[in-house]
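*Asks:* build me a model:
(chains A, B and C)
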Amino acid sequence: MKARNRLILMVLLALFALLIGSIGAMAQDEDAMAEADAMIRAFTAEEMPEGWTLPDSIGHVTNYLVHEWYQNETKAEAATAEKYGIEFSINDANLDLQASLAAVDDYVAQDVGALVFTPVDEAASSPAIRRVARDRTVVCEGTAVVGCATLVAISDYTAGFQVGVWAGEYAIENFDGQARALDIGLPALTSTVARSDGFADGLHSVLPEGEIVQSVDGAGSKDVAVQVSADALTANPDVNIIFGINDDSALGGLQSYIAAGLDTDNLLVVGFGCEGIACKDALQEGGPYKVSAAMFPEYQGLLLINAAVAVFNGVQPPPQIYAPSMPMTLDNLFDYYTQEEDGTYTAMLDVISEIEIDIVDPPMEE
Amino acid sequence: MLDSSADTSGTGIGKFLTKTTNWLLHTQEGVLFFIVAAIWLFLTIQSPVFFTGRNIGVLLSQVSMTAITAVGMTILLISGEIDASVGSMQAFVGVVVMSVLNSSSNLALGVLVGLAIGVVVGLINSLISLRLGINSLIATLAMLSIVRGAAFGFTEASIQNTHKIPTFTEIGNGFFLGVPWPIIFFFAVFLIFYFVLSRTTFGRFVHAVGANPEAATLAGIPVRLVKMAGFVLTSVLASFSAIILLSRLNSGQNGIGAGFELEAIGAVLLGGTSLSGGEGSMVGTFLAVLLLGTLKNGIVLLDINSSWQVAVTGLIIIIAVLLDARRRRRLGQD
Amino acid sequence: MAVLSKGSGGNSDAASRISRWLLTREAGLVILLLAVVVLFWILEPSTRQQRVYWDLLREISPNLIAAIGVTMLMLAGEFDLSIGSMLAVTSVTTVVVFNGTDNMWLGIIAGLATGPIVGGIHGYLVTRQKMNSLVTTLGSLFALRGMVYVYTNKTPIVDENGFYDFQDAYYNNLGPVPLPFVLAIILVVLALIVLTQTEFGRNIYAIGGNETAARVSGIKVNLIKFILFVICASSAAISGMILTMQTGTGYFDSGSSGFELIVIAGVVLGGIALSGGKGSLVGTLLGILILGMTAKGLRLMGVNTNMQLMVTGSIMILAVFMHSFHDRISIFRNR
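*Replies:* Residues are numbered from 1 along each chain as shown, chains lettered A, B, ... in the order given. Model (predicted):
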């Protein structure tokens, strides 16, 4: 009797321990990831975890270096890498998938210690990246590719949602709650689609009757954006909000609005990225360009190199290391940037690193 | 020459009618005219805003850049040569002119520098093609890469407007007597070169040189000089397009204009100008540019998925060329 | 120059053959290719390893295969600008059929079948309807790409079955040689035999040289051109298939960044005259290799995009100038 009781007790105890253990392991897993995330953000050349070795070289395959985003980001990567004494180089695919995958092969031939990869197309890059990532550190930038150890990027949906909320509130205050928005998007990329979706949902969250009157494909470039928005504005001249998935698209839309002879007092332009001079100058002008979802390439560059170094040393990173983003306006521009005499801007990395990242999840699709 | 049938200076109404009917039924221009008219009619019915002064103004302003370059390209193609470098010129001229304007605040200087780049690149194109004897398609395709490289080399970032010259903005966005300036430039350039091509000695030379260079040489026509003029003209007009585009964008962007050369050359070929030279039509180019521009405009107005734009553009090109080929064969059989 | 070779001895015969070869177009290209390789060998240490060259051969295989069709078509004086869009048509068709039928072979067959279909349409339009091939295929460049955009709504089609045998074919080797290049070389050799050893091949040159004369002498110009359009689109479809293996994806933008221009540049660099009738497939092979090696070397050196563009443009001018110079010398010699 006693023996049976003891047996049952032991079985129960064992089951209990197993339960606790598995919950603990899951929590530990999450904890470990959060810890890894925090560590990747924190370490510097001076304070390096003990026993770490640094890769000799890091190569970044960009998809479109013509864009200021990549120029500023790679500058920050180069600066960070230099602090660590790592050789850093860039190879640009110029939107050519074949060139992008060939550049990956080239970096393997050069035996780089770690690879940073910005895909031309995320699905089509996956087999090549999976192959390379078997025995090499690969960190993705901007868009996730299956095979990458981790992704360093903002939450595009969240950043879009935040500026959408900002635009909704602005419309309540200044346009009597009327919001008729033109969305200058880029349907070919998942990240830019998420930006447009986030913007629409953010706008609707504060202003349910707000309307996206038309979505056009601006190809992410200013000349196409000017052209398609000019046509769209003749169809819908009562648009009072223009949203662009990057600053070029938004500024192109603004340009068409002015060219159409419409009154810019009744317009709000919402940009995305705010990586370059154009956006910050436009904010300072005090015209209709009032807000842009800032993505801080200067800080993302640092995060990328840190992530690559950590993964190189066997750290298990979370699937995505979120980079900071927030709606940037004239009011807070100089909290994060200082302007030099030659008109360029310098990022205050300490302040940017403190930005709280509060992810908004997109609604589940049915 | 095809254009001559577009001449409406006949005496009687009957003669005018026969001429018009002839033009509509028996020329590439007529085919294009039918297609454009059909699409305009369709869009007018489908969209309340299509046939309004404002939209037509936007449409014509949008096509003016391609159109101005295509005018030069028509002359160059008739003379038997081609220039594929005009796409990169949009970027290169843009960034250089904007930085000249920023540093000098002198509009005339900026425009002059822009046009001067056109002259220089045109001369280089003609040197490589005519002196070194390299096929101009290849020579200018290489120049397409080289000029694009020069634009990237000139500046990494786009160059913003810091000079704030008010007249500069007017070039691409302003109005004169209610008509947008780009449309005035476009019509002026078109009319001038329509007459140059059809009424002047230079125009006759262009046709002769393209039709048969050996015969033209024997007839004492300075073949190389005529072709060189065509190269320089195309390049200068491409620079002019770039300046209008620059004003419309209000910043010098080094990545723009990709595919612009296909659009311009495509329009000229669609307009009935022959690749082998000697034959071509300014009116055809005009109608073709209008057709391609209308498709873009209409697809946005009707809020159709932009993917259709590419497909429809392609199908319309094929249909237009098909109709033209059938017409030619019918005429051949008559 | 060739006077030396009048003797009958075996040795001097070989010497004369070599000296004659040195004056050909291909010899100039081989020298140019060697110059490019040696230059990068000196400038960039990482080009001194074997793997770089195997990578190169793998990477240029799609371009080379497409170039076979373009070369044959251009020899007959016609063009196909739509090959870049063909890559996307093949790629999307293949993966859509993969996902629809769960059968790898059906997908491959369907993907490859797009070649003859599109090529047949081109051939019909040009030979029957007498349409200009350059403008017609410019139209289908847009039409095909647009149809792919409309069908996919600009979303890549992912291979749901994950046919790894299919994907691995791109990276696998036969001995040290990459499989795609093995296929490319087999196709080059086949095409070379057709062009040089068969009546069909001689007729292609005849048509490109003087179409009217060819017609008068009883060559079935229309039939041959029709077949060439089918061959050209089919070779583009094979290229598209290889890129689909590499990416495992039906990619709507495959070949959209100037694939046709890169291939035509390689073909012209290899000495095929735009007017037709002149040039050889060996030249094309060398032309594609030169462009590929230049791009690779510059990438390995970390040269930025603008310099890459300028260097590639200059090499093209140099090579074509070399050809025209060569033409002038041969005219001079023949007098």
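
*Asks:* show me where pLDDT drops low in the stretch 201-334 of chain B?
*Replies:* Residue ranges of the stretch 201-334 of chain B with pLDDT under 70: B:332-334.

*Asks:* got the residues of the stretch 101-250 of chain B near chain A?
*Replies:* With CB under 8 Å from any CB of the partner chain as the criterion, the stretch 101-250 of chain B meets chain A at residues B:152, B:156-158, B:160, B:162, B:172-173, B:175, B:245, B:248-250. To be clear about C-beta, it is placed using only N, CA and C from the backbone, and glycine gets the same treatment.

*Asks:* grab the nearest non-local neighbour of A:Thr329.
*Replies:* Nearest non-adjacent residue to A:Thr329, counting by CB to CB, 6 or more residues apart in numbering or on different chains: A:Val291, 5.1 Å away.

*Asks:* residue contacts, C:Gln167?
*Replies:* C:Gln167 makes contact with A:Pro127, C:Asp159, C:Met245, C:Gln246, C:Gly248, according to CB atoms under 8 Å, 6 or more residues apart in numbering or on different chains.

*Asks:* ok but it is inside a strand, no?
*Replies:* No. Counting by DSSP: H, G, I helix; E, B strand; the rest coil, C:Gln167 is not part of a strand but helix.

*Asks:* strand partners (parallel or antiparallel) of the one helix or strand A:Ala181 maps to?
*Replies:* Here A:Ala181 is covered by strand A:180-185, with elements defined by DSSP states H and E. If you go by DSSP bridges, strand A:180-185 pairs up with strand A:211-217 (parallel), strand A:241-244 (parallel).

*Asks:* could I get the average pLDDT for it?
*Replies:* Here strand A:180-185 scores 97 as its mean pLDDT.

*Asks:* and what of stretch A:39-47?
*Replies:* Across stretch A:39-47, the average pLDDT comes to 89.

*Asks:* what is the end-to-end distance of that stretch?
*Replies:* One end of stretch A:39-47 sits 11 Å from the other (CA to CA, to the nearest Å).

*Asks:* who touches that stretch?
*Replies:* A:49, A:83-85, A:303, A:306-307, A:309-310, A:315, A:317, A:321, A:353.

*Asks:* any part of stretch C:251-261 near chain B?
*Replies:* Yes. Using CB under 8 Å from any CB, we find that stretch C:251-261 touches chain B at C:Leu261.

*Asks:* dump the residue contacts of C:Asn306.
*Replies:* Neighbouring residues of C:Asn306 by CB under 8 Å, 6+ apart: B:Arg148, B:Gly149, B:Ala150, B:Ala151, B:Phe152, B:Gly153.

*Asks:* can you rerun that using 10 Å?
*Replies:* A:65-66, A:92, A:94, B:145-146, B:148-154, B:156, B:254 (CB atoms under 10 Å, 6 or more residues apart in numbering or on different chains).

*Asks:* helix or strand: which one has it?
*Replies:* Assessed by DSSP H and E, C:Asn306 sits inside helix C:305-334.

*Asks:* with A:Asn91 instead?
*Replies:* Assessed by DSSP H and E, A:Asn91 sits inside strand A:87-92.

*Asks:* what lines up beside that strand in the sheet?
*Replies:* Strand A:87-92 pairs in its sheet with strand A:57-62 (parallel), by DSSP bridges.

*Asks:* C:Ile68 contacts C:Leu281, correct?
*Replies:* Yes. C:Ile68 lies in contact with C:Leu281 (CB atoms under 10 Å); the separation is 6.8 Å.

*Asks:* the two - which one has more neighbours?
*Replies:* Remark: of C:Ile68 and C:Leu281, C:Ile68 carries more neighbours, 29 against 23, as counted by other CB atoms under 10 Å in any protein chain shown.

*Asks:* so which strand or helix has the more buried one?
*Replies:* Per DSSP H and E: helix C:50-75 holds C:Ile68.

*Asks:* can you give me the buried ones in that helix?
*Replies:* C:52, C:54-75 (16 or more other CB atoms under 10 Å in any protein chain shown).

*Asks:* go on, stretch A:345-357?
*Replies:* Buried residues in stretch A:345-357 (16+ other CB under 10 Å): A:Tyr345, A:Ala347, A:Met348, A:Leu349, A:Ile352.

*Asks:* hang on, the earlier thing: out of the contacts of C:Gln167, list just those in helices.
*Replies:* If you go by DSSP state H, the contacts of C:Gln167 have A:Pro127, C:Met245, C:Gln246 in helices.

*Asks:* which stretch among the strands paired with strand A:180-185 comes nearest B:Leu291?
*Replies:* Across the strands paired with strand A:180-185, B:Leu291 has its closest neighbour in strand A:211-217 (20.7 Å, CB to CB).

*Asks:* that closest one: what's the following helix or strand?
*Replies:* For strand A:211-217, the succeeding helix or strand toward the C-terminus, using DSSP H and E, is helix A:222-235.

*Asks:* what about that next one and chain B, any contact?
*Replies:* Yes. With CB under 10 Å from any CB of the partner chain as the criterion, chain B is reached by helix A:222-235 at A:222-235.

*Asks:* between the residues you listed, which is closest to A:Gly244?
*Replies:* Nearest to A:Gly244 among the residues of helix A:222-235 next to chain B is A:Ala225, at 6.6 Å by CB to CB.

*Asks:* which ones are touching the closest one?
*Replies:* Applying CB under 10 Å, 6+ apart, we find A:Ala225 in contact with A:184-186, A:216-219, A:242, A:244-246, A:248-256, B:249.

*Asks:* the closest residue to A:His204 other than its chain neighbours and chain B: what is the separation?
*Replies:* Of all residues beyond its chain neighbours, the one nearest A:His204 is A:Gly210 (6.0 Å), with distances taken as CB to CB, 6+ apart. As judged by CB to the nearest CB, to the nearest Å, A:Gly210 and chain B stand 18 Å apart.

*Asks:* so A:Gly210 is in contact with A:Asp183, correct?
*Replies:* No. Assessed by CB under 10 Å, A:Gly210 is found out of contact with A:Asp183, at 11.8 Å.

*Asks:* related to what we said a few turns ago, can you check which residues contact both of C:Ile68 and C:Leu281?
*Replies:* What both C:Ile68 and C:Leu281 touch, as defined by CB under 10 Å, 6+ apart, is the set C:Val188, C:Ala191, C:Leu192, C:Leu195, C:Val267.

*Asks:* disregarding flanking residues, what is the spatial nearest neighbour of the second one?
*Replies:* In space, not counting the residues next to it along the chain, C:Ala191 is nearest to C:Ile68; the distance is 4.9 Å by CB to CB, 6+ apart.

*Asks:* got the contact list for the one you found?
*Replies:* C:184, C:187-188, C:190-192, C:195, C:231-232, C:234-236, C:238-239, C:263, C:267, C:281, C:284-285, C:288.

*Asks:* just the buried residues out of those residues, in ChimeraX syntax.
*Replies:* Buried residues among the contacts of C:Ile68 (16+ other CB under 10 Å), as a ChimeraX selection:
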select /C:184,187,188,191,192,195,231,232,234,235,236,238,239,263,267,281,284,285,288
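
*Asks:* and the closest residue to chain C within the stretch 151-300 of chain B, what is it in contact with?
*Replies:* For the stretch 151-300 of chain B and chain C, the shortest gap (CB to the nearest CB) falls at B:Phe152, measuring 3.2 Å. The contact partners of B:Phe152, taken as CB under 10 Å, 6+ apart, are A:65-66, A:94, B:88, B:91-92, B:95, B:254-255, C:304-310.
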